[in-house]
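Engineer: coordinates for the following, if possible.
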Amino acid sequence: MGADPLVVTFTGHTPGSAAYRRLIVGLFFAGIATFAQLYSPQAVLPQLSADLAIPPATAALAVSAATLGLAAAVIPWSMVADRIGRVQAMAIGVIAATVMGLLTPFSAGMEMLLVLRLLEGVALGAVPAVALAYLSEEVSARSAAAAAGSYIAGTTVGGLLGRVVSGVAGEQFGWRVGIWVVAGVCGLAAALFLWLTPRAQGFVPGRFRDSTGPGMLTRLLTPMRSPRQLVLYLQGFLLMGAFVAVYNYLGFHLVAPPFGLPTWLVTLLFLAYLAGTASSPSAGRLASRFGRYPVLLSSIAVMAIGAATMLAPVASLVVVGLLVFTAGFFAAHAVASGWAPAESPPGSRAQASSLYYFGYYAGSSLFGWALGIVFGEAAWAWFVAAIVAMCVVSAALAAGVLRLSPTGRV
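Structural biologist: As a prediction, the model looks like this:
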């Protein structure tokens with residue numbers, strides 16, 4: 001069987017078309033269904049820690065278990081998506097994750113909670129593994145960076161919704177109810193994703209074409225041979241690790257002296273995610289205009305400045321620092337996550353995207369836990385110093401490798 005002529009002639013949906021709007025809105029809801037579930041325990045970590053009589057770093061494993069499962073699953077999900085189709089793979093993952101999310105609050109103890117969160121993360125891996133590859137194949141090349149920014153904006157809304165809803169409900173009814181309510185909201189978002197998202201036209205699943213193309217191992221190894229791709233994966237590893245660590249432990253910092261803020265007020269700090277909702281599409285548009293490399297480097301600098309501001313002993317300045325830090329992170333993530341599949345050969349785009357997210361969630365799992373040890377054993381200043389150092393290393397890697405090629409420009 002020869003190549004499908006649709007793949008040859010289809011040049012991607014353009015902004016303003018009905019299909020483009022459905023695609024962006026559908027993936028927006030996929031982001032909500034995925035990331036609200038993934039991070040819903042984060043807002044109730046202090047309650048979970050107190051209820052189960054465990055230290056902060058152990059409580060944070062409720063987040064790290066899911067991100068670890070996701071990191072382990074993104075590459076297998078990319079293979080599944082190559083075989084059965086992009087939308088089909090995402091649909092299976094979102095539905096399975098929602099079922100797991102509804103079961104998780106009924107855990108009898110920490111061990112069962114971690115197992116269910118791990119399985120939930122495995123299912124959730126379908127969306128980040130596939131979404132950006134799907135976008136790069138379904139929208140016009142000139143719109144790819146902006147579309148990726150719009151998708152990342154949806155993930156910020158999901159992360160915000162999951163944290164705020166679980167935090168508010170958990171404050172009133174306990175952490176289990178908080179997590180369960182979020183899972184119900186994600187079920188609705190998953191249904192909207194399935195209804196809105198158009199069928200793929202820029203990719204033919206492996207089951208419908210011949211097997212004369214490169215094998216799965218070749219498609220996986222191709223991006224790993226590129227130093228530029230490896231540096232993009234390290235951006236996700238380092239920056240996401242720093243980001244999750246801040247959101248894991250800032251609540252513990254602010255409920256303690258000298259701040260002594262109430263839990264409900266600390267929960268509202270997750271509204272800082274709205275800074276990322278604004279910055280991610282803006283970063284995509286700026287990358288389309290000026291190139292990805294300068295926008296990425298500037299975004300990392302903004303992250304570092306925001307982190308340093310959180311050293312202030314005044315709560316209002318800590319909030320300002322969190323807003324700046326969040327805006328910088330999501331801008332950098334919007335650029336790097338869209339850059340990896342866009343620069344990869346067409347046959348390896350899903351694998352390039354999944355490798356980026358493998359690094360991204362591996363960093364989340366590792367640093368989300370390990371920096372809790374720094375937080376528990378050393379002063380807040382040392383914790384912030386570690387966050388800034390990770391930003392510096394990330395920027396140095398980008399400056400040393402990504403600036404060497406004009407392909408940093410869209």
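
Engineer: next SSE after the helix or strand in which residue 48 is found?
Structural biologist: Applying DSSP states H and E as the criterion places residue 48 in helix 45-52. The helix or strand immediately downstream of helix 45-52 is helix 56-59, counting by DSSP H and E.

Engineer: for that following helix, what is the distance to the chain centroid?
Structural biologist: Centroid separation for helix 56-59 versus its chain: 21 Å, with Cα atoms, centre = their mean, to the nearest Å.

Engineer: pull that helix out as CSV, backbone CA atoms only.
Structural biologist: Coordinates of the C-alpha atoms in helix 56-59 are reproduced here as CSV (Å, rounded to 0.1, in the frame of the first residue of the first chain):
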residue,chain,number,x,y,z
PRO,A,56,6.4,16.8,53.8
ALA,A,57,8.8,14.9,51.5
THR,A,58,6.8,11.7,52.0
ALA,A,59,3.5,13.4,51.4
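
Engineer: what sits up against it?
Structural biologist: For helix 56-59, the surrounding residues in contact (Cβ atoms under 8 Å, 6 or more residues apart in numbering) are 45-46, 48-49, 52, 110, 248-249, 252, 369, 372-373, 375-376. Just so you know, the C-beta spots here come from the backbone N, C-alpha and C atoms, and that holds for glycine as well.

Engineer: buried ones among those?
Structural biologist: For these, a burial check counting by 16 or more other Cβ atoms under 10 Å picks out 45-46, 48-49, 110, 248-249, 252, 369, 372, 375.

Engineer: how about the residues you listed in JSON lines, adding pLDDT and distance to residue 20?
Structural biologist: Formatted as JSON lines, the buried ones among the contacts of helix 56-59 follow (pLDDT from 0 to 100; distance: Cβ to Cβ, whole Å):
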{"residue": "45", "pLDDT": "85", "distance to residue 20": "39"}
{"residue": "46", "pLDDT": "82", "distance to residue 20": "42"}
{"residue": "48", "pLDDT": "86", "distance to residue 20": "41"}
{"residue": "49", "pLDDT": "84", "distance to residue 20": "45"}
{"residue": "110", "pLDDT": "87", "distance to residue 20": "45"}
{"residue": "248", "pLDDT": "85", "distance to residue 20": "36"}
{"residue": "249", "pLDDT": "89", "distance to residue 20": "40"}
{"residue": "252", "pLDDT": "85", "distance to residue 20": "43"}
{"residue": "369", "pLDDT": "84", "distance to residue 20": "40"}
{"residue": "372", "pLDDT": "87", "distance to residue 20": "42"}
{"residue": "375", "pLDDT": "89", "distance to residue 20": "43"}
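
Engineer: so which of the residues you listed would you say is closest to residue 292?
Structural biologist: Relative to residue 292, the closest of these is residue 248; by Cβ to Cβ it sits at 28.7 Å.
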